[in-house]
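**Q** prediction below, plus the sequence it came from.
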Amino acid sequence: MKINFPITLTAADSRKRTISGTIVTWGERGNTSAGATVFEKGSIDFSKPVKLLLEHDRTRPIGKLMDITADDAGIEATFKIAGTIAGDDSLLEAAEGLRDGFSVGVMVDDWKNKDGVMSITAAKLIEVSLVTDPAIDSARVADVAATETPTENSEATAEDTTTQEDKVSDITSEAPIATEAVEAAKSEPVVVVAAQSVAYTKPRSPITNKATYLEHSVRAALGNEDSRQYVMAADTTSNNAGLIPTPQSTEIINGVSNADRGLIDALSRGTLPASGMTFEIPKITTAPTVGVEAEGATIDTTDQASSFVQVDVKKFAGGQTFSVELLDRSSPAFFDELVRQMEFAYAKATDSYVATTLGNSCALAAVAEDNTAADLLAYVSAAAATIYSGSLGFARNLIVNSTQWGNIMGYNDGGRPIYNASQPQNAGGAVSPVSLRGNVAGLDLYVSRSLDAFTTGDQSMIVVNPDAFTWYESPRLQLRSDITATGQVSVAYYGYGALAVKIAGGAVWFNKN
């Protein structure tokens, strides 16, 4: 899974053409493309060099990594900015505070869910971007040099001065520039050029046919800023109908999959053993007893006995086969999106497996109840007592399908929402239509799409003691192979997981919808 985490850069030096700053702060919460996220100390592998991009666009590189170090606070990095128009603009934008943020793109290998916050423990750095809106607004660019080259001797010759004034005069004749900008131009030629470049908003396009459009599209992909503007200027077919193809956005719409695993999140988690497709957990089956004995009587003894719970390890895998042409000649975002979609499929498969295994192990069932707020409380109360009796542990979590989630938000007392609470007097809990987490009658609420696969009647809700069930999981892995005979590429995405049903009496189904 790839995520982007923005943070503010701290320094830009246009003389050395470098930009420096903190790209990651350990333990500090920020908003990423995956939601609220925290990087744990030492969680990012930055052993491979990366490029500095503009707004996470892999077709717009503006620099490359020169130096990177990590300490107890986070990761500091310095980037060398390319001598392109885009590079010049980036230095100026950083100096003016217009585009002064860093955002890292990482491939997440391992993470934990801590109260709805994604806590990353292992990831690989794949790129860093200069962005407009950082997550932390307090830190800004600390130092920007005014010129691109070292300052010359202040005593310029008359010929040099005249030539510079002539240049300024020529620029002024094409586009009016403020007096302050003209004075600055005499000693700061880079600033004058930047001022002139914003005197127009759309360049005259040399694109007149298919050949010139293709030519400038290729040049733009190779980093030529002028060609990129020409292609952007030819963004409609009004001037050259039939010659300019309809542009496509880099945005990807996905309404069929995500990485939610509500049922797994509601259970306890464990570390999967490094080897074997099965493992065993010792379990006490008979406990020793203590009783009241008469003086001198023989002590009645009950020996402790134990057995082993055998846990099966399952492999969850998916694959894709596509042409090498698709990989080589398509958008660079193709492979990143493919891996992201395979991670979504992995999340759905593992959560569904746990739902089925957990459901089959729940031999106990609460008394059938109707779909009302009063009967929900009756179900929770009966289930909590049953779970304590069956597992000697407390029910702490309530897992529901999407239909029951909607029902709970609709429960009301004289029109006043009971669980969709906004006032202190609604002490029954808090459930939000924009969050899959909440609290109902003292239980932590989890919404799982995996329960939607069951019937709409029974098994639409489950109260659980999370300590009675443990999910063990390995990191996700990738395999890639090239098929020489057909010129295709095969990619497999897989991992291993196991659900240990430690105490079957630790969960109780709801009987009606």
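**A** On my side now, so go ahead.
**Q** what residues sit buried inside whatever helix or strand N439 lives in?
**A** Per DSSP states H and E: N439 is located in strand 437-440. Neighbour-count burial for strand 437-440, counted by 16 or more other Cβ atoms under 10 Å, picks out R437, G438, V440. Where you see a C-beta, it was placed from the backbone N, CA and C, and this is true even at glycine.
**Q** between those residues, which is nearest R476?
**A** Closest approach to R476 among the buried residues of strand 437-440 (Cβ to Cβ): R437, at 23.4 Å.
**Q** got a list of what the closest one touches?
**A** Residues near R437 by Cβ atoms under 8 Å, 6 or more residues apart in numbering: G116, D444, L445, Y446, V447.
**Q** and for the nearest residue to the last one once chain neighbours are set aside, the neighbour number?
**A** Closest residue to V447 apart from its sequence neighbours, by Cβ to Cβ, 6 or more residues apart in numbering: L436 at 4.2 Å. In terms of burial, L436 registers 18 neighbours under the definition other Cβ atoms under 10 Å.
**Q** state the pLDDT value of L436.
**A** pLDDT for L436: 72.
**Q** which residues are in contact with it?
**A** Listed by Cβ under 8 Å, 6+ apart, the contact set of L436 reads D260, G262, W405, Y446, V447.
**Q** got the domain ranges for this structure?
**A** Using automatic domain parsing, the domain parsing of the chain gives 2-131, 158-197, 311-509.
**Q** would you map the helices across the stretch 301-450 of the chain?
**A** Taking DSSP state H, counting those that start in this stretch, the helices of the stretch 301-450 of the chain run over residues 324-329, 333-361, 373-391, 402-410.
**Q** out of the ones you listed, nearest to V24?
**A** For V24, the closest of these is helix 333-361, at 19.6 Å, according to Cβ to Cβ.
**Q** quick revisit: make a markdown table from the contacts of L436 and add pLDDT to it.
**A** A markdown table is the format used below for the contacts of L436 (pLDDT from 0 to 100):
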| residue | pLDDT |
| --- | --- |
| D260 | 86 |
| G262 | 87 |
| W405 | 86 |
| Y446 | 91 |
| V447 | 89 |
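**Q** quick one on the thing from earlier: which one, of the domains of the chain, ends up nearest to V290?
**A** Short answer: domain 311-509, nearest of those by Cβ to Cβ, at 16.9 Å.
**Q** what stretches of the stretch 151-300 of the chain score poorly on pLDDT?
**A** Applying pLDDT under 70 to the stretch 151-300 of the chain flags the ranges 151-205, 210, 233-251.
**Q** how about 80 then?
**A** 151-257 (pLDDT under 80).
**Q** for it, which segments count as helices?
**A** Using DSSP H, counting those that start in this stretch, helices in the stretch 151-300 of the chain cover 158-174, 179-187, 189-197, 210-221, 225-233, 262-265.
**Q** I'd say G35 and I120 touch.
**A** No - assessed by Cβ atoms under 8 Å, G35 is found out of contact with I120, at 11.9 Å.
**Q** for L222, which of the domains of the chain is the nearest?
**A** domain 2-131 (9.4 Å).
**Q** report the distance from the closest one to the chain centre.
**A** Its chain's C-alpha centre and that of domain 2-131 lie 14 Å apart, by Cα atoms, centre = their mean, to the nearest Å.
**Q** please apply the same query to stretch 393-402.
**A** Distance, centroid of stretch 393-402 to centroid of chain: 26 Å (Cα atoms, centre = their mean).
**Q** name all residues that make contact with the residue lying closest to E280 once chain neighbours are set aside.
**A** Distances taken as Cβ to Cβ, 6+ apart put F308 closest to E280, at 4.1 Å, once the chain neighbours are dropped. Going by Cβ under 8 Å, 6+ apart, F308 touches E280, I281, P282, K283.
**Q** show me those that map onto strands.
**A** Using DSSP state E, the subset of the contacts of F308 located in strands is E280, I281, P282, K283.
**Q** now the residues you listed as CSV including neighbour count and distance to G296?
**A** As requested, these are exported to CSV (neighbours: other Cβ atoms under 10 Å; distance: Cβ to Cβ, whole Å):
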residue, neighbour count, distance to G296
E280, 13, 43
I281, 13, 42
P282, 8, 37
K283, 12, 37
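**Q** closest one of these to V339?
**A** When the ones in strands among the contacts of F308 are compared against V339 (criterion: Cβ to Cβ), the nearest one is I281, at 33.4 Å.
**Q** around the residue lying closest to the closest one once chain neighbours are set aside, how many other residues sit close by?
**A** Leaving aside its chain neighbours, I281 sits nearest to V309 (4.6 Å; criterion: Cβ to Cβ, 6+ apart). The tally of other residues near V309 (other Cβ under 10 Å) stands at 13.
**Q** go on, L214?
**A** Applying other Cβ under 10 Å, we find 11 other residues in the vicinity of L214.
**Q** ok, the one 4 residues further on next?
**A** For V218, the number of neighbouring residues by other Cβ under 10 Å comes to 12.
**Q** roughly how far apart are it and D467?
**A** 60 Å (Cβ to Cβ, to the nearest Å).
**Q** and for N371, the neighbour number?
**A** Neighbour tally, N371, other Cβ under 10 Å: 17.
**Q** you'd agree it is up against N407?
**A** Yes - N371 lies in contact with N407 (Cβ under 8 Å); the separation is 5.8 Å.
**Q** residue at max distance from the center of the chain?
**A** Farthest-out residue of the chain from its mean C-alpha position, per Cα atoms, centre = their mean: G296, at 69.7 Å.
**Q** let me see the contact set for it.
**A** G296 touches nothing, counting by Cβ under 8 Å, 6+ apart.
**Q** before we move on, what about L272?
**A** V313, Y472, E473, S474, Y496, G497, A498 are the contacts of L272 under Cβ under 8 Å, 6+ apart.
**Q** A504 versus the residue lying closest to it once chain neighbours are set aside, what's the distance?
**A** Distances taken as Cβ to Cβ, 6+ apart put Y472 closest to L272, at 4.1 Å, once the chain neighbours are dropped. According to Cβ to Cβ, Y472 and A504 sit 18 Å apart.
**Q** what's the helix or strand for S90?
**A** Assigned by DSSP H and E, S90 falls in helix 85-95.
**Q** list the residues that contact T132.
**A** T132 makes contacts with E55, L98, R99, G101, as judged by Cβ under 8 Å, 6+ apart.
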